[in-house]
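Engineer: Whatever this is, show me its structure:
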Amino acid sequence: GGVEPYRYEWRKKGSTTIEGVLSSLEGVGSGTYELIVFDKNLNQATSEYILKEPSKLEISSVATQNVSCYGGEDGSIVLTVIGGVEPYSYSWKHSSASTQALTGLS
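Structural biologist: Numbers count the residues shown, from 1 in each chain. Reported below is the predicted structural model:
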């Protein structure tokens with residue numbers, strides 16, 4: 001709507017600093033951003049956008065299965081991971097596995 005050309009102002013909430021003057025905003029951190037669009041006649045429309053950051057990456061639980069008998073190779077370790085940004089990658093010390101679970105352990 002309105003009359004072109006448009007002028008865009010991005011503001012991070014809690015700050016009077018204009019974050020950008022384009023219709024899109026990239027490479028910014030988390031927070032609440034307000035977009036104000038002005039048309040040629042200085043009519044304006046305002047919208048608010050919230051960018052959230054992911055929660056802290058954590059190993060939330062570890063399930064282990066002990067080896068069933070002396071010399072056996074049926075032990076396992078299974079991790080449950082939360083937070084961060086998926087997909088996750090895994091690196092185990094003393095193993096070349098790159099999965100969430102280690103099985104067939106002695």
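
Engineer: ok, now how distant is the residue lying farthest from the centre of the chain from S106?
Structural biologist: Most distant residue from the mean C-alpha position of the chain: Y70, 44.0 Å away (C-alpha atoms, centre = their mean). Note on Y70: its distance to S106, by C-beta to C-beta, to the nearest Å, is 10 Å. Where you see a C-beta, it was placed from the backbone N, CA and C, and this is true even at glycine.

Engineer: And the lowest mean pLDDT element among the helices and strands of this structure?
Structural biologist: Across the helices and strands of the chain, mean confidence by mean pLDDT, DSSP states H and E is lowest for strand 18-20: a mean of 60.

Engineer: downstream neighbour of that one in the secondary structure list?
Structural biologist: strand 31-38 (DSSP states H and E).

Engineer: Reduced to three states, what does V62 come out as?
Structural biologist: When classified by DSSP: H, G, I helix; E, B strand; the rest coil, V62 comes out as strand.

Engineer: What residues does the closest residue to T46 other than its chain neighbours make contact with?
Structural biologist: Leaving aside its chain neighbours, T46 sits nearest to I36 (5.1 Å; criterion: C-beta to C-beta, 6 or more residues apart in numbering). Contacts for I36 (C-beta atoms under 8 Å, 6 or more residues apart in numbering) come out as 8-9, 11, 44-46.

Engineer: and the residues you listed, which of them are in strands?
Structural biologist: Counting by DSSP state E, those place 8-9, 11, 44-46 in strands.

Engineer: Show me the two of the residues you listed that sit farthest apart.
Structural biologist: R11 and A45 (14.1 Å; C-beta to C-beta).

Engineer: higher neighbour count, these two?
Structural biologist: Neighbours per residue (other C-beta atoms under 10 Å) separate R11 from A45, with R11 holding more: 18 against 12.

Engineer: Once you drop chain neighbours, what's closest to the more buried one?
Structural biologist: E34 (4.8 Å).

Engineer: That neighbour contacts S47, doesn't it?
Structural biologist: Yes: with contact defined as C-beta atoms under 8 Å, E34 and S47 form a contacting pair (7.4 Å).
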